[in-house]
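# Coordinates for the following, if possible.
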Amino acid sequence: MASNTDENNNKLADTGFISEKIKQRPINRKKLLRRTAITFFLAIIFGIVACFTFLLLQPVFSDQLYPEEKPEAISLPEENVQDELTPEEMFAVENEIAAVEAENFESAQKDQIDEAIASYSFDALDYSKMMASLKEVSTEVSRSIVTVTALSSDTNWFSESFESSGSTSGVIIATNGSNYYIALPAAAITDAETIRVTFFDGSVTTAELSLIDDVTGLSVISVKRADLSDTTRDKVSTSSLGSSNSGSLTGLPVIAVGSPLGIQGSIAYGIITSEKTALGLEDSYYKLLTTDIYGSTNGSGVIANLSGQVIGMIDMSYNSDELENHICAIGITELKSLFEDLSNGRNRAYLGIHGTTIPNDIQVSMNIPAGAYITTTEMNSPAMMAGIQSGDIITSIAGTEISSYEQLVSKLAACAPDDVISVTVLRQAPNDYVELDIDITLTSATHN
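Residues are numbered from 1 along each chain as shown. Next comes the predicted model:
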């Protein structure tokens, strides 16, 4: 048995089997650390790229998935009056109205009215009721009046920073559901870093400048409705814009609201003393309304009729020396198209002319052609650069026939800055008028 065991052992030894023991490879710490660092660095790069990609593409996806609704364009209601009359037609109509009124004044009805008035005895209670009625109208108008404050940071001589401010009254002229649009003198906010608006109920928010008109010096700012509480939105209102051209306003009672006395929230009563004074501003035919209301030379706000309709924007910069402290305003009728453009951010074209319409009788007697008669041109304006002179008569613009200065202004309002318009001009020659075709490149009358 022992011999057999030895033989088997010898046989196993002859087969050549090798016994191995597997050992774990030693860890290369430097290599592991390097791979970890590379992975971490690549993760950071991936994160940065992902963030920038998200920031760049998020607005695109957001606009496609949740497109923001464009705010509606501002459109002020048209006046319920007849078509604008030429100066000579207005003169004829006024004479006709005056004749009819004089005839009625001398009728038997006058006697009846006089008797009724004479038989009634007015007392203090009647006067109190009348003033209470006026106060009610002025309060309603005040709901659309705001105080606009321009805030800016300055540095004095000692390098101490401080906040300076100036304020004026503005009027809410329109809303499109997203914003309130407020008209006010541009001088009050020219250098403002922040525009603060205080509403009728005392709530305060900030506003953004829309556009400034360089001709009138008026501007429009906007306030987001979402920035105001529901309570404030219920209390404030958009002004009702009336007409400064509907019949004769002279002698009619009006209310000055805003800061006619230079004090915010002040109110004054009076009558219109004149309404046909032309301001003589370029590319326009704005009219000045004067009143017997004694106010501040820094007054601002609006004048309204007894129906609560705004008929003029207070502007004391056009007062004569004799009326230095009497409240004056620019008629609202001619301002409506301007306010629409400023609210919608639409830049207005600038030609730089002053003109008038020659009455028909003078045209016939002096053999002057119909058209827009140019009295002066502004220095370095597009009109002057193109060669338009005082005494020229513009008979067509951009292919449209022009028979009055008012038509020229209306046609110009439909143009845009940088438009090249073709103007036909009649210029006085020794024996007759010479026709000239002039191309003019318009510039901008607005800025922001």
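# got a list of what the residue lying closest to residue 440 once chain neighbours are set aside touches?
Leaving aside its chain neighbours, residue 440 sits nearest to residue 386 (4.3 Å; criterion: CB to CB, 6 or more residues apart in numbering). Backbone N, C-alpha and C define where each C-beta goes, glycine included. Neighbour list for residue 386: 423, 438, 439, 440, 441 [criterion: CB atoms under 8 Å, 6 or more residues apart in numbering].
# how close does residue 386 get to residue 245?
According to CB to CB, to the nearest Å, residue 386 stands 32 Å off from residue 245.
# Check residue 265 too.
Between residue 265 and residue 245 the computed distance is 30 Å (CB to CB).
# Show me which of these two is the more surrounded one.
Shown here are residue 265 and residue 245; by other CB atoms under 10 Å, residue 245 has more neighbours (19 against 14).
# Tell me which stretches of this structure form helices.
Assigned by DSSP state H, the helices in the chain fall at 2-15, 29-65, 87-105, 108-119, 124-142, 230-235, 332-343, 360-366, 382-386, 405-413.
# re the thing from before, any idea how far the residue nearest to residue 440 is from residue 123?
Distance of residue 386 to residue 123, given as CB to CB: 67 Å.
# ok, for residue 323, nearest residue in space, not its chain neighbours?
Nearest residue to residue 323 in three dimensions, chain neighbours excluded: residue 290, at 6.1 Å (CB to CB, 6+ apart).
# Look up the residues forming beta bridges with the spatially closest residue to residue 148 that is not a sequence neighbour.
Excluding its sequence neighbours, the residue lying closest to residue 148 (CB to CB, 6+ apart) is residue 170, at 4.6 Å. Per DSSP bridges, the residues bridged to residue 170 are residue 146.
# where exactly do the strands run in the stretch 201-350 of the chain?
Taking DSSP state E, counting those that start in this stretch as the test, the strands found in the stretch 201-350 of the chain are 204-213, 218-224, 240-241, 253-259, 266-278, 287-294, 300-304, 309-314, 326-331, 349-350.
# what's the last one packed up against?
Using 3 or more CB pairs under 8 Å, 6 or more residues apart in numbering; DSSP states H and E, the elements in contact with strand 349-350 are strand 443-444.
# What strands line up against the strand it packs on, and which way round?
Strand partners for strand 443-444, identified by DSSP bridges, are recorded as strand 349-350 (antiparallel).
# follow-up on the earlier one: and which of the contacts of residue 386 is nearest to residue 296?
Closest approach between the contacts of residue 386 and residue 296, by CB to CB: residue 440, at 41.2 Å.
# ok, that closest one - contacts?
351, 382, 383, 386, 388, 420, 421, 423.
# and which of those is nearest to residue 429?
residue 388 (16.2 Å).
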